[in-house]
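Novice: need coordinates for the following:
(one chain, ligands or ions: 1)
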Amino acid sequence: MKKAIALLMGLTMAASLTACGGSQSTTATAAPAAQTEKAAEGDTEAAKAEEQTEAAKTEEKKSGNDKLVVGFAQIGQESGWRDAETNDVQWYAARNTDTIELTFADAQQKQENQIKAIRNFIEMGVDVIVFPPVVETGWEAVLTECQEADIPVILVDRGIDASAGDDLYTTMIASDHVWAGEQAAIVMNDLLEGNGKVVELEGTVGASAAVQRKKGFDEYIAANCPDIEIVDSQTGDFTRAMGKEVMESFLKTYSDIDAVFCHNDDMALGAIEAIKEAGKKPGQDIKIIGVDGVKGAFEAILAGEMNCTVECTPILAEQIFDTAAKLKNGETVDKWIMSADGVYTEDKVTQEVVDGRQY
Ligand code: GZL
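Specialist: Now for the predicted structure:
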């Protein structure tokens, strides 16, 4: 580019000098100093303008147009929460087609599909890449490629392993999952009055939301609740079906379960089914705490079949696109844009609250 500008400047200069000499043969001699200087200034201005236009063209070429072009590599459709996030993002983009162009990929729970989608976005020259890393590890290569392509990356709702170095992404928009686990433990301690046996339904193996919710819950219980025992903990992969399946196996193995902590509400709803089929009363014989704050959990709490959900909002689209626009404009943003979430126990859940839920 610089070479092209230099050549262009050279040509412009030559042309302007030739014009002085050529158009008026009588001015074959050198033009007066002032005129030469003015011509040179004019050429520099022209070259600067040309350079800016070129830079704008490069930018536009990268994104194809002056809209904000975002590539979103979604994990899949494993839970009601994930669907709510997808709907919010697609709905927001559809309402802003004059300024936003969204390319959306569904990875069907597979990391290799997310990586493929991200590589496609790089090829397309999108302005910003957005994705929730299905697991914390295995992103170094593709995120380095994003850096080399000078495309900012926004992580949403999950993070990557800190040991990979946090310069591999630009910012993360997500809830505090350790906090969510701690809040669940505090409520669990209240529900059991400090004493009981608990089983844990974990999220997707290796997902930051699962790793951190477990850390927050287990560490709080270990430090503060000497008479609460976590007798077993297995993954239900954040799905309702697997949550039910694992809860069935827990009920067959342990006859004295007092409560279950589920890393998301979909697994809690599956556990409720299993508890009922085992002839026990969910929310009473076995206390149930979930995370996410999906409407199904609020309805179960209202029905007395669940005791608490710790919110983790999936309504992130406005923050995502506002942040992406700032990054396209070269602005800097915080490394972690944290969502504000609530804790909903039975005393806080009324029909009005249920009716007012956004997801
Ligand atoms: C949380 C998100 C989790 C939800 C699950 O930010 O990554 O993934 O808690 C979803 O419901 O599957």
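
Novice: quick one: contacts for the residue most central in space within the chain?
Specialist: Central residue of the chain (CA atoms, centre = their mean): V156, 0.8 Å from the mean position. Contacts for V156 (CB atoms under 8 Å, 6 or more residues apart in numbering) come out as 85, 130-132, 172-174, 316, 320. Heads up, the C-betas are built off the backbone N, CA and C, glycines and all.

Novice: same check, this time on M338
Specialist: 174-176.

Novice: cool, and C312?
Specialist: With CB under 8 Å, 6+ apart, C312 has these contacts: 81, 157, 175, 177, 180, 209, 291-293, 339, 341.

Novice: also V134?
Specialist: 75-76, 107, 109-111, 114, 158, 204, 207.

Novice: re the thing from before, check the contacts of V156 against the ligand, which are close?
Specialist: Filtering these for proximity to the ligand by CB under 6 Å from any ligand atom leaves 132, 174.

Novice: any of the contacts of V156 buried? List them.
Specialist: By neighbour count, with 16 or more other CB atoms under 10 Å, the contacts of V156 hold 85, 130-132, 172-174, 316, 320 as buried.

Novice: cross those residues against helices and list the overlap.
Specialist: 85, 320 (DSSP state H).

Novice: what's the neighbour count on T309?
Specialist: For T309, the neighbour count with other CB atoms under 10 Å is 30.

Novice: which element is it on?
Specialist: strand 308-311 (DSSP states H and E).

Novice: identify all contacting residues around that strand.
Specialist: Against strand 308-311 from outside (CB under 8 Å, 6+ apart): 175, 180, 183-184, 187, 191, 265, 268, 288-294, 297-298, 301, 341-346.

Novice: what's near enough to touch L68?
Specialist: 99-101, 127-128, 321, 324-325, 328.

Novice: and for E229?
Specialist: So E229 contacts 196-198 (CB under 8 Å, 6+ apart).

Novice: can you flag the buried ones in those?
Specialist: Here, 16+ other CB under 10 Å leaves 196-198 buried among the contacts of E229.

Novice: now, those residues that are in helices?
Specialist: Per DSSP H, the subset of those in helices is empty.

Novice: of the residues you listed, just say which sits nearest to the ligand.
Specialist: V198 (19.1 Å; CB to the nearest ligand atom).

Novice: quick one: contacts for the residue in the stretch 251-359 of the chain that the ligand sits nearest to?
Specialist: Of all residues in the stretch 251-359 of the chain, N264 sits closest to the ligand, at 3.7 Å by CB to the nearest ligand atom. N264 makes contacts with 79, 81, 203, 209, 238, 290-292, as judged by CB under 8 Å, 6+ apart.

Novice: among the contacts of L68, the buried ones, what's the PyMOL command?
Specialist: Selection of buried members from the contacts of L68 for PyMOL, criterion 16+ other CB under 10 Å:
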select buried, resi 100+101+127+128+321+324+325+328
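
Novice: mind picking the two most distant members of the contacts of L68?
Specialist: The distance between the two most remote of the contacts of L68 (CB to CB) is 13.2 Å, for T99 and V128.

Novice: now the helices: where do they sit in the protein?
Specialist: Counting by DSSP H, the helices of the chain are 2-23, 33-63, 80-94, 111-124, 140-148, 177-191, 208-224, 240-253, 265-277, 295-302, 317-328, 351-356.

Novice: can I get the contacts of N264 in TSV including neighbour count, pLDDT and distance to V142?
Specialist: Shown next, in TSV, are the contacts of N264 (neighbours: other CB atoms under 10 Å; pLDDT from 0 to 100; distance: CB to CB, whole Å):
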residue	neighbour count	pLDDT	distance to V142
S79	25	96	24
W81	23	98	25
G203	29	98	23
A209	26	98	20
F238	29	98	23
G290	31	98	32
V291	34	98	28
D292	30	98	28
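
Novice: next, format those residues as a markdown table and append distance to the ligand.
Specialist: Formatted as a markdown table, the contacts of N264 follow (distance: CB to the nearest ligand atom, whole Å):
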| residue | distance to the ligand |
| --- | --- |
| S79 | 4 |
| W81 | 3 |
| G203 | 6 |
| A209 | 4 |
| F238 | 4 |
| G290 | 9 |
| V291 | 6 |
| D292 | 5 |
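
Novice: farthest-apart pair in the residues you listed, please.
Specialist: A209 and G290 (12.6 Å).

Novice: what parts of the stretch 251-359 of the chain come near the ligand?
Specialist: Residues of the stretch 251-359 of the chain lying close to the ligand (CB under 6 Å from any ligand atom) are 264, 266, 291-292, 312.

Novice: you'd agree T144 is up against G165?
Specialist: No. Checked against CB atoms under 8 Å, the pair T144 and G165 is beyond contact range at 10.0 Å.

Novice: and the gap between the residue lying closest to L143 once chain neighbours are set aside and the ligand?
Specialist: Closest residue to L143 apart from its sequence neighbours, by CB to CB, 6 or more residues apart in numbering: L168 at 4.0 Å. Shown here: L168 relative to the ligand, a distance of 19 Å by CB to the nearest ligand atom, to the nearest Å.

Novice: number of nearby residues for L168?
Specialist: Count around L168 with other CB under 10 Å applied: 18.

Novice: cool, and K110?
Specialist: 12.
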